[in-house]
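>>> Structural data only, the sequence is not supplied:
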């Protein structure tokens, strides 16, 4: 097998998250975005140490398992992976993926753990309570589009007007907004030139009450042209922009007034964002109608949700997930006990634990989420919850209380490796770990096992039907002091692909230049690698013998924390006097790292 060669083969299985294992003669090739049973044509991207990775060129024959309903964009949109399968088959695949990862680590335990299978989502279609649509075009210089990124593309979009994972209100709002701005001939924000007006459309809908929050995100530029005129022109332009935004609002309200909408608007917002980076943020927020929040209900509790609030995107399955976590906690002693909820978000788990605990302390790095958690606790009449804003790694050194129980719900990259020893040092009898990325989970479980913990039981929860993602809940307990467990770890067992350990700086630079038209230096690549938790030597070369088995908390660590925290091993030569990677180039480098399977 050589790079560039084309083969045909049958997909034997799919490993988490979407790595098809394709049999080609006596060899196997990893091919993403394929399904079990498909006959595929693939091109070889890499062959090293007898292992191969390829790209999907064509599905020659559909899998016998493909009998589910699909939308017209399936396979083109990057959202869903398993939409063409039955839901039962999707659950089977996800259960096998999680159990296969856990078994490789937990077979070292003297006592077997209890595997409780997978719990499905109560609602498998139209389940999402939040969507973030982007403005752009479906091809270069094509008509205006509003939807999701095309699979494998940084620029091209797909107008997902018949998306199956949102309800008809989302689809109606999307089409109405797209039609309006198309008729008005309004420009969209070009990510390379940084010119244009329309950026994103955020839609949230409360699953229980049907309240809808819509936010249009634009720049402050002229919606129709980029050049600046006289002061009189600017005033005229300002009036035109206001009429444009008013028309956007009125068009949405007409949907409710004429009965087309099943829900009702809680608020319609206009957010101005002039950041060159392709991120959703607010420089200014104007409320065009109603208010900028609504309330969602979960297991009898109310939660205030605003535009940027973190909240599980599937409210119905979130109840299954959190009820499972609460059941795993069980009866741990009652009202004199203290619970730590680490990576607490808006405090959902902490508030569910409050009635059976003496005190619950939640730690979360996102300050807005902490403020929301405090408000939600007061609204729910819970006065034994304390929420602290900060990095778990640092906050644990400052908290005087000692926990009797710990609940972990970290971001996708798992727990920071320097925080793990601090968590373990408390020596609590039981820990409940909720994970949205099982490969990060098993990496962290290795450390717990080495430190005297064992896994009693585990279960998967399908929080995101039809996508490649899955949640896992694990109950850990302390071993007896005289028990000993030996752990031997192989990198291959932790889902380490060839690309994750072998992609070179030159390959990354070539990819960024080809896909994004940008030239990036080794220094910039090393800076972004560190932010993603990839070990980098002082000469910016990835160590060939070892790979640091951690991902820094990119989802939850702010830039300020990174500057103040030297835990990522940054050489002294790469200090604040060195040029820092621009946001646009960082985005491109991250895309390359993801392409090569390094993050």
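Looks like it came in fine. Predicted model, so just to flag it, every value in this text is computed and none were measured.

>>> so where do the helices sit in the stretch 201-350 of the chain?
Remark: helices assigned in the stretch 201-350 of the chain by DSSP state H, counting those that start in this stretch are 231-257, 315-329, 348-353.

>>> and the ones you listed, which one's lowest on average pLDDT?
Lowest mean pLDDT within those: helix 231-257, at a mean of 85.

>>> Could I get the buried residue list for that one?
For helix 231-257, burial by neighbour count (16 or more other Cβ atoms under 10 Å) applies to 237, 241, 244-245, 248-249, 252, 255. Placement of C-beta: from N, CA and C, glycine included.

>>> Tell me which two in the residues you listed are the farthest apart.
Greatest spacing in the buried residues of helix 231-257, by Cβ to Cβ: 237 and 255 (28.2 Å).

>>> Do a quick rundown of the strands in the stretch 101-250 of the chain.
In the stretch 101-250 of the chain, the strands defined using DSSP state E, counting those that start in this stretch lie at 114-119, 130-137, 144-149, 157-158, 198-205, 211-218.

>>> pLDDT-wise, which helix or strand of this protein ranks last?
Sorting the helices and strands of the chain by mean pLDDT, DSSP states H and E puts helix 559-564 at the bottom, at a mean of 38.

>>> returning to that earlier point: and the helices of the stretch 201-350 of the chain: which comes nearest residue 64?
The closest of the helices of the stretch 201-350 of the chain to residue 64 is helix 315-329. By Cβ to Cβ, the value is 28.1 Å.

>>> residues touching residue 143, list them.
Counting by Cβ atoms under 8 Å, 6 or more residues apart in numbering, residue 143 makes contact with 137, 182.

>>> just checking, residue 448 is part of a strand?
No: under DSSP: H, G, I helix; E, B strand; the rest coil, residue 448 falls outside any strand and is assigned helix.

>>> Determine the number of other residues adjacent to the closest residue to it other than its chain neighbours.
Nearest non-adjacent residue to residue 448, counting by Cβ to Cβ, 6 or more residues apart in numbering: residue 476, 5.7 Å away. Residue 476: 25 surrounding residues under other Cβ atoms under 10 Å.

>>> What of residue 67?
11.

>>> That one contacts residue 87, doesn't it?
No: if you go by Cβ atoms under 8 Å, residue 67 and residue 87 don't touch, sitting 10.8 Å apart.

>>> in the stretch 401-550 of the chain, which spans are helices?
419-425, 438-450, 498-502, 505-516, 522-531.

>>> Just give me the lowest mean pLDDT stretch among those helices.
Mean pLDDT is lowest for helix 498-502 among those, at a mean of 46.

>>> center of this structure - which residue?
The structure's the chain has its C-alpha centroid closest to residue 412; by Cα atoms, centre = their mean the separation is 6.6 Å.

>>> which one is that residue nearest to, not counting chain neighbours?
Using Cβ to Cβ, 6+ apart, the nearest residue to residue 412 is residue 437, at 4.4 Å.

>>> What is the neighbour count of that neighbour?
Neighbours of residue 437 (other Cβ under 10 Å): 21.

>>> Hmm, it is touching residue 410, no?
No: when contacts are counted by Cβ under 8 Å, residue 437 is not listed as touching residue 410 (9.0 Å).

>>> looking at the strands of the stretch 101-250 of the chain, which is closest to residue 360?
strand 114-119 (24.5 Å).

>>> For that closest one, give the mean pLDDT please.
Across strand 114-119, pLDDT averages out at 97.

>>> That strand pairs with which strands?
Partners of strand 114-119 in the sheet, by DSSP bridges, are strand 453-461 (parallel).

>>> Sort out which residues of the partner strand are buried, please.
For strand 453-461, by 16+ other Cβ under 10 Å, it's 453-455, 458-461.

>>> now do stretch 418-434
By 16+ other Cβ under 10 Å, the buried positions in stretch 418-434 come out as 419-420, 422-424, 428, 430-434.

>>> where's the closest residue to residue 213 other than its chain neighbours relative to residue 107, distance?
Nearest residue to residue 213 in three dimensions, chain neighbours excluded: residue 204, at 4.4 Å (Cβ to Cβ, 6+ apart). Going from residue 204 to residue 107 by Cβ to Cβ, to the nearest Å gives 43 Å.
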